[in-house]
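S.K.: Below are the sequence and a predicted model for it; my questions follow.
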Amino acid sequence: FGGMIAGYQSPRWMAETAIALNELFPKRIDVGVCKGPGVAFKEVSLELASGDENRLTRDAMRETCFTLHSFLQRRVANCTLASDPGPKGVLCPEMWVLGSSINTARLAEELGTSFALSFLSRGTNLTNALDEYGSPIRVLAVSVICAESTREAACIGADIKALGLLPHNFMGCPEDCANA
């Protein structure tokens, strides 16, 4: 299913979407949640958050994750509350948290979910995050620029950097990227 940025959608919408997709594609869907922003420009991020920058804070992400997790846990238990985000008897997908900090690793541990370590942002300290999270990390998120040649990949990388977009971890031709 991929990741959803917590500040851009409501926990109910995320749960409803994940449950519907899981019903269509059983055991092929999981729910990844991250803080974001996922875009380079603050104006775009704010627009996606309906103009409310408070939705993009660490505290808001934490609240969204706990609410989403609660919705999904109710589904597992086949709860029939009026606030239930899906029909009775439909199983919900597993939730995981994507992040690059010790705080996000701790959040995943508190939730009892898997933690995907993002190596997409500057300043990610892999060792600290790996040491902090008590369970095995199943996913390491990286950014790759792959082009016909290493030179072409470097040009694309330079354009991306000039736009202020997220940095890349690996760059090169298909063979270089496969061996990275």
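M.R.: Sure thing, it's come through. Residues are numbered from 1 along each chain as shown.
S.K.: OK, contacts around residue 22?
M.R.: 28-29, 90-93 (Cβ atoms under 8 Å, 6 or more residues apart in numbering). For every residue, glycine as well, the C-beta is placed using N, CA and C.
S.K.: how does it look with 7 Å?
M.R.: 29, 91-93 (Cβ atoms under 7 Å, 6 or more residues apart in numbering).
S.K.: do the same with residue 118
M.R.: 98-100, 124, 141.
S.K.: got it, and residue 96?
M.R.: 30, 32, 113-116.
S.K.: The residues you listed: which two are farthest apart?
M.R.: Checked with Cβ to Cβ, those reach their widest spread between 30 and 115, with 12.8 Å between them.
S.K.: When those two are compared, which one has more neighbours?
M.R.: A side-by-side neighbour count of residue 30 and residue 115, using other Cβ atoms under 10 Å, places residue 115 first with 26 against 20.
S.K.: and the more buried one, that one's in a strand?
M.R.: Yes: under DSSP: H, G, I helix; E, B strand; the rest coil, residue 115 sits within a strand.
S.K.: any idea how far residue 161 is from the nearest residue to it once chain neighbours are set aside?
M.R.: Among residues not flanking residue 115 along the chain, residue 108 sits closest, at 3.7 Å (Cβ to Cβ, 6 or more residues apart in numbering). Between residue 108 and residue 161 the computed distance is 30 Å (Cβ to Cβ, to the nearest Å).
S.K.: So for those two, which sits in the more crowded spot?
M.R.: residue 108 (26 against 12).
S.K.: Now the more buried one: phi and psi?
M.R.: Backbone torsions for residue 108, taken as degrees, to the nearest 10, come to phi -60, psi -40.
S.K.: ok, now the one 4 residues further on?
M.R.: Taking degrees, to the nearest 10, you get phi 80, psi 30 for the backbone angles of residue 112.
S.K.: quick one: low-confidence parts of the protein?
M.R.: By pLDDT under 70, the low-scoring segments of the chain are 1-2, 37-41, 74-89, 120-140, 163-170, 177, 180.
S.K.: can you pull out the strands in it?
M.R.: 3-5, 30-34, 94-99, 114-118, 139-141, 144-146, 170-172 (DSSP state E).
S.K.: quick one: the longest one to chain centroid distance?
M.R.: The reference is to strand 94-99. 6 Å (Cα atoms, centre = their mean, to the nearest Å).
S.K.: and that strand with strand 114-118, angle?
M.R.: Calculated by axes from the mean of the first three to the mean of the last three Cα atoms, to 10 degrees, strand 94-99 forms an angle of 30 degrees with strand 114-118.
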